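> okay, sequence plus prediction incoming.
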Amino acid sequence: MVEEETFEKAESGSSHTYPVQAGTLHKGDYVMLKGHPCKLVEITTSKTGKHGHAKASIMGIDVFTGKKYEDSCPTSHSIDAPFVSRKEYQLLDIGSDGFVTLLLEDGSTKEDLKFADNEEDQKLKDKLHDVLTSGKDVIVGTMIAMGEEKIIDYRELAN
């Protein structure tokens, strides 16, 4: 008798990052600094030194926490950059615990997204709550990087 093998479902195996040469980075690009997905706010390069490598000093802001990170590496070396994507959903509700209810394209709901406890997210949450309670429809824009998702902006729909 032949035993039937069963396999657990697995992810596609794709990485959340891709390599990019440090010398080609520009302000506004996304890179991984100290293990965090960051948007570059400043990058400076030094001249080639006696050991032959120009260095890039990189400063970025974490896209999820707003914390500032710095790093430096030779411009000829690769640095990881996160795959960043954006999605839009219709906002249905904001719970008192900070979790939001979003409407997906297929008509189902998504309820696993929560506002962080930082000042910036709380201001956005309050604005969205005011717009929702006024009876307007709201579309929220989210940013996805490194398997995390965050609401970053919104727009009101004309009723």
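That came in fine, so what should we check first?

> give me the pLDDT value at Thr65.
pLDDT for Thr65: 87.

> Glu156 too?
91.

> for Asp97, same thing?
Looking at Asp97, its pLDDT stands at 89.

> that one - nearest residue in space that isn't next to it in sequence?
Lys114 (7.4 Å; Cβ to Cβ, 6 or more residues apart in numbering). Quick note: C-beta positions are derived from backbone N, CA and C, even for glycine.

> who does the one you found form a beta bridge with?
Phe99 (DSSP bridges).

> could you number the chain from 14 rather than 1 from now on?
Right, with 14 as the first residue, what we last looked at is Lys127.

> number of residues surrounding it?
Lys127: 17 surrounding residues under other Cβ atoms under 10 Å.

> from Lys138, how far off is it?
10 Å (Cβ to Cβ, to the nearest Å).

> overlap in contacts of the two?
Common neighbours of Lys127 and Lys138 (criterion: Cβ atoms under 8 Å, 6 or more residues apart in numbering): Gly111.

> hmm, back to that, shouldn't the residue nearest to Asp110 be in contact with Leu115?
No - the criterion here is Cβ atoms under 8 Å, and Lys127 misses it with Leu115 at 11.6 Å.

> where exactly do the helices run in this protein?
132-146 (DSSP state H).
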